[in-house]
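> this is a predicted model, with the sequence first.
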Amino acid sequence: MTPNWSRNFASVGEIARHLNECGGNFVTGLSARIDIGIYAQKILLNAERFEAWSNGMLVGFLAMYCNDDKQKSAFITNVSVLEDWRGRGIAGTLLEQCIALADEKGFDTIRLEVEAGNVAAVAVYGKLGFVPFGGAQSTLMMKLDLGEKVTNRRDYNNEIKDTRDHRYAYNFDFDVMHHYMLRSFIPFFRRGSLLELGSFRGDFTKRVMPYFDDITCVEASDEAIAIAKRDLGDGPIFINDVFEGVTLPKRYDNILLTHVLEHLDDPVGVLRRVNEEWLSEGGRLFLVCPNANAPSRQIAVKMGLIRHNSAITPAELEHGHRITYSLDTLERDAKLAGLNVVHRSGIFFKALANFQWDRLLQTDIISSEYLEGCYHLGQIYPDLCASIFLMCEAGGTR
């Protein structure tokens with residue numbers, strides 16, 4: 001469920017109630033450090049308040065003091081989200097709202113103080129461009145230079161571009177992996193609608209179009225969507241948005257998330273939205289990620305090209321990679337999101353890098369029988385495949 005957003009609406013009692021419910025989740029309990037009633041009153045009188053609501057309950061709350069006109073610096077005094085609402089991008093959205101207001105008011109910087117042990121909060125602030133600049137042993141001071149904030153935002157059009165020594169996608173992906181991914185999915189497809197999260201330029205969308213009349217694609221890159229629309233016509237519905245913020249009109253019987261989860265800043269949060277908001281009753285999620293333990297990566301470790309199996313290379317980082325999954329860590333995140341893992345497998349045994357495969361595919365060295373052999377071997381050794389595959393259904397509280 002997506003919350004409703006408001007500003008400066010909550011009463012002092014609602015603020016105090018929210019802080020009391022969240023207080024125990026701070027590394028150091030909030031009520032052990034301050035009088036919450038007095039603190040709530042101070043916030044009401046002196047701070048700009050950004051709020052997320054659901055059914056009359058304040059589920060997310062940010063307070064920012066904007067009264068340091070001399071130093072041209074705003075100060076965030078509180079960011080909190082109820083435990084059941086975490087992992088849905090609420091804190092990030094509240095932060096973006098307060099950044100926009102501080103910029104509008106002409107402030108040069110935004111400062112905040114966070115407990116050094118609150119790793120998740122430090123990560124959220126870092127993704128929005130906040131950098132450390134001091135603090136005591138147990139606390140960390142962070143600031144955002146509003147003049148530089150745009151450079152810290154993700155440029156999805158740039159991330160899909162090929163770099164000097166690495167392509168975003170290879171012919172091996174389009175000609176081999178897409179074929180075998182579809183083949184792995186077909187036995188589990190349900191009749192009805194399909195949602196593709198991260199459709200890129202529509203290459204895999206084109207493969208699934210014969211199986212579904214109702215297809216919706218969500219893609220963060222408007223340049224990729226323009227190409228997909230040009231090539232695929234009016235069949236699928238394309239939505240240019242990020243998964244953390246998109247509002248979709250219905251639930252779907254099949255959801256594809258292929259080679260996308262590793263790019264997300266909050267993968268568990270997006271998987272929660274799949275589980276709680278987008279899967280229909282009996283709907284199925286087809287989740288595929290590159291495999292950290294693929295032999296090609298393990299060989300690269302032994303060659304000294306990467307430090308460990310799950311390392312993120314500089315080229316992968318440029319393309320927006322945030323994590324490299326193995327079967328155990330992928331299943332961990334799916335379960336954290338409340339999903340029920342029904343089937344787990346691998347797709348295509350792979351001992352060569354993608355660029356090596358692209359060269360081989362231009363020769364007669366690789367036969368169709370060899371490709372079939374790699375596919376079937378992958379069913380026996382999923383942890384040695386190019387990609388890992390989970391088929392999930394909705395679980396937990398809906």
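Structure received. These numbers come from a predicted model, not from an experiment. Residues are numbered from 1 along each chain as shown.
> from the chain's centre, how far out does stretch 314-331 sit?
11 Å (CA atoms, centre = their mean, to the nearest Å).
> sorry, that was for stretch 229-249
17 Å.
> can you dump the C-alpha atoms of it in CSV for me?
Extracted in CSV, the C-alpha atoms of stretch 229-249 (Å, rounded to 0.1, in the frame of the first residue of the first chain):
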residue,chain,number,x,y,z
LYS,A,229,7.9,1.9,-28.3
ARG,A,230,9.4,2.4,-31.7
ASP,A,231,10.2,-1.3,-32.2
LEU,A,232,7.2,-2.8,-30.5
GLY,A,233,4.4,-0.5,-31.5
ASP,A,234,1.2,-0.1,-29.4
GLY,A,235,1.0,-3.6,-27.9
PRO,A,236,2.6,-3.1,-24.4
ILE,A,237,1.8,-0.2,-22.0
PHE,A,238,5.0,1.6,-21.1
ILE,A,239,5.5,3.6,-17.9
ASN,A,240,8.6,5.7,-17.4
ASP,A,241,9.2,5.7,-13.7
VAL,A,242,11.2,4.1,-10.9
PHE,A,243,9.9,1.1,-9.0
GLU,A,244,10.2,2.8,-5.7
GLY,A,245,7.8,5.5,-6.7
VAL,A,246,5.6,4.2,-9.4
THR,A,247,1.8,3.9,-8.9
LEU,A,248,0.3,1.0,-10.9
PRO,A,249,-3.4,0.6,-11.6
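> need the residues that contact that stretch.
2, 88-89, 92-93, 156, 195-199, 201-202, 205-206, 209, 215-222, 225, 228, 264-266, 269-270, 273, 277-278 (CB atoms under 8 Å, 6 or more residues apart in numbering). The C-beta positions use only the backbone N, C-alpha and C, and glycine is treated the same way.
> what residues sit buried inside it?
Buried residues in stretch 229-249, counted by 16 or more other CB atoms under 10 Å: 229, 232, 236, 238-240, 243-244, 246, 248.
> nearest to residue 296, of these?
Checking the buried residues of stretch 229-249 against residue 296 with CB to CB, the nearest one is residue 243 at 28.3 Å.
> in this structure, which spans are strands?
4-7, 47-54, 57-65, 73-81, 109-115, 131-134, 139-145, 193-197, 214-219, 237-240, 252-258, 279-290, 340-349, 385-393 (DSSP state E).
> who wins for proximity to residue 185 among those?
Closest among these, using CB to CB: strand 279-290, at 5.2 Å.
> among the strands of the chain, which gets the worst mean confidence?
Lowest mean pLDDT within the strands of the chain: strand 131-134, at a mean of 79.
> about what we covered before: of the contacts of stretch 229-249, keep whichever come out buried.
For the contacts of stretch 229-249, a neighbour count by 16+ other CB under 10 Å gives the buried set as 2, 88-89, 92-93, 156, 195-199, 201-202, 205-206, 209, 215-221, 225, 228, 264-266, 269-270, 273, 278.
> which residues of the stretch 151-300 of the chain score low on pLDDT?
151-153 (pLDDT under 70).
> okay, helices next: where are they in it?
For the stretch 151-300 of the chain, helices defined by DSSP state H, counting those that start in this stretch occupy the ranges 156-159, 171-172, 178-185, 203-208, 222-232, 267-273, 295-302.
> same list, these, but as JSON lines with distance to residue 78 please.
As requested, the helices of the stretch 151-300 of the chain are exported to JSON lines (distance: least, CB to CB, whole Å):
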{"stretch": "helix 156-159", "distance to residue 78": "31"}
{"stretch": "helix 171-172", "distance to residue 78": "49"}
{"stretch": "helix 178-185", "distance to residue 78": "45"}
{"stretch": "helix 203-208", "distance to residue 78": "43"}
{"stretch": "helix 222-232", "distance to residue 78": "35"}
{"stretch": "helix 267-273", "distance to residue 78": "21"}
{"stretch": "helix 295-302", "distance to residue 78": "42"}
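> which of these has the highest mean neighbour count?
helix 267-273 (a mean of 22; mean count of other CB atoms under 10 Å).
> with just CA atoms, put that helix into CSV.
C-alpha atoms of helix 267-273 as CSV (Å, rounded to 0.1, in the frame of the first residue of the first chain):
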residue,chain,number,x,y,z
PRO,A,267,16.0,-4.4,-3.5
VAL,A,268,14.0,-5.7,-0.6
GLY,A,269,11.8,-2.7,-0.6
VAL,A,270,10.9,-3.2,-4.2
LEU,A,271,10.3,-6.9,-3.7
ARG,A,272,7.9,-6.0,-0.8
ARG,A,273,5.9,-3.8,-3.3
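> list the helices and strands it packs on?
Applying 3 or more CB pairs under 8 Å, 6 or more residues apart in numbering; DSSP states H and E, one finds that helix 267-273 makes contact with helix 327-336.
> so for the helix it packs on, what gets flagged as buried?
Buried residues in helix 327-336 (16+ other CB under 10 Å): 327, 330-331, 333-335.
> residue 352: which of those residues is nearest?
Of the buried residues of helix 327-336, the one sitting nearest to residue 352 (CB to CB) turns out to be residue 327, at 20.6 Å.
> and stretch 147-161, how far apart are its ends?
This stretch, stretch 147-161, spans 26 Å end to end (CA to CA, to the nearest Å).
> brain fart, stretch 111-124
Distance across stretch 111-124, first residue to last, is 14 Å (CA to CA).
> for that stretch, which residues meet the burial criterion?
Quick answer for stretch 111-124 (16+ other CB under 10 Å): 111-112, 114, 118, 121-122, 124.
> just stretch 246-263 next, same as before
Quick answer for stretch 246-263 (16+ other CB under 10 Å): 246, 248, 251-263.
> residue closest to the middle of this structure?
residue 264 (2.8 Å; CA atoms, centre = their mean).
> relative to residue 291, how far out is the residue lying closest to that residue once chain neighbours are set aside?
Once flanking residues are discounted, residue 264 sits nearest to residue 270: 5.5 Å by CB to CB, 6 or more residues apart in numbering. The gap separating residue 270 from residue 291 is 20 Å, by CB to CB, to the nearest Å.
> alright, I will stop here.
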